[in-house]
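[1] Structure for the following, please:
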Amino acid sequence: MTSRTVKIPLALIVLVAFAAVPAFSQAGHGKGRLGGLVLDPDRNPVPGVKVTLKYAEVGNLVLETKTGKKGDWSFIGLGTGKWTLTVLAPGYMPYESVVRVSQLEANPKVEVVLGKADKAAGVISDDQSVVLLEQGNQFYKDGRYDEAIEAYQKFQEANPGLYQIQVSIADSYREKGDHDKAIAVYNEVLTLAASDLKLGREMSAKAFSGIGNCHLKQGRLQEAQDYFQKSIEASPKDAILAYNVGEIYFSNQALDEAVRYFELAAEIKADFPDPWLKLGYVYLNKADNAKAAESFEKFLVLEPEGERAALARNVLGLIKK
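    Okay, here's the model as predicted:
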């Protein structure tokens, strides 16, 4: 059976796939379980800490819980895919990471060790700071960037050592179209990150990527490429970073560059299914159905079940007819 070389609009494929997956409105729900511990630097349990889990695929599913007396937490009824885990506690540095959940096998426990230092080193000072940070994040997600900036700046006033919040401030300026201001704030982050032995490389990578995104939004492709490359060099083993750069290029229809970074993400982390899924869509946009099918098949090897797998199978069915 041969693959056609006709370019199929991505929006049409997604709509057809939606119709074939009745449970898609419940994206993020499933039979998966995830749990773990929150510990202080001495590995003692931290009770009563807020733990948030946000589905990072499709939809806006957010789950919350608090740690028990032994610092334990758990979530049930999770769908397969990528989730963002956030732990915020007064007196500790914020914690955030991306975790993958499977419904086919037991998910390993996630052990979160919170960083604690004096205020100058960057810890959340009080419960109100947690509220401000959450408000800023919600405003950003809702596209209310001026309000996000205001909340983030109030958070920074209460927590002057947490320079990392400036990345969120710069992101907000970028998304509202004030690219010069965004770049200026990203550069402030780079200056502060240079003396940060713990988080400096990660924050530099985020700042370089943010500047690259600003240039890309303004059509300065070479400048964007230069800064994205600096971002990867700052954190060369970060598959999520490479994937995010691919996402930025894909959203701007710079397809060859998107392929490069999605492939890099897959190379850095061999069991990371997301790059293969996006490569499938990129190749569809490039009217290369053979490579699209190959990419979707590699994705399905790594993620054989769940909403995204159902979508990928439906797309495969369309392009292999």
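
[2] wait, Y140 sits on E134?
    No. Y140 is beyond contact range of E134, at 10.7 Å (criterion: Cβ atoms under 8 Å). For every residue, glycine as well, the C-beta is placed using N, CA and C.

[3] Looking at those two, which is more packed in?
    Y140 (20 against 16; other Cβ atoms under 10 Å).

[4] Find the residue closest to the more buried one in space, skipping its chain neighbours.
    A148 (4.2 Å; Cβ to Cβ, 6 or more residues apart in numbering).

[5] in which helix or strand would I find that neighbour?
    helix 145-158 (DSSP states H and E).

[6] Pull out the buried positions in that helix.
    Y145, E147, A148, I149, E150, A151, Y152, K154, F155, Q156 (16 or more other Cβ atoms under 10 Å).

[7] Against which helices or strands is that helix packed?
    Judged by 3 or more Cβ pairs under 8 Å, 6 or more residues apart in numbering; DSSP states H and E, helix 145-158 is in contact with helix 127-141, helix 165-175.

[8] how far out from the middle of the chain is that helix?
    21 Å (Cα atoms, centre = their mean, to the nearest Å).

[9] CA atoms of it as PDB?
    C-alpha atoms of helix 145-158 as PDB (Å, rounded to 0.1, in the frame of the first residue of the first chain):
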ATOM      1  CA  TYR A 145      -0.500  39.800  30.300                       C
ATOM      2  CA  ASP A 146      -0.600  43.300  32.000                       C
ATOM      3  CA  GLU A 147      -2.200  41.700  35.000                       C
ATOM      4  CA  ALA A 148       0.200  38.800  35.000                       C
ATOM      5  CA  ILE A 149       3.100  41.300  34.900                       C
ATOM      6  CA  GLU A 150       1.700  43.200  37.900                       C
ATOM      7  CA  ALA A 151       1.200  40.000  39.900                       C
ATOM      8  CA  TYR A 152       4.700  38.700  39.100                       C
ATOM      9  CA  GLN A 153       6.300  42.100  40.000                       C
ATOM     10  CA  LYS A 154       4.500  42.100  43.400                       C
ATOM     11  CA  PHE A 155       5.800  38.600  43.900                       C
ATOM     12  CA  GLN A 156       9.300  39.800  43.100                       C
ATOM     13  CA  GLU A 157       9.000  42.700  45.500                       C
ATOM     14  CA  ALA A 158       8.200  40.200  48.300                       C
END
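
[10] so where do the helices sit in the protein?
    Secondary structure of the chain, counting by DSSP state H: helices at 10-20, 127-141, 145-158, 165-175, 179-193, 200-217, 221-234, 239-251, 255-268, 274-285, 289-302, 307-319.

[11] So for Y243, what's the nearest residue that isn't a sequence neighbour?
    A265 (3.9 Å).
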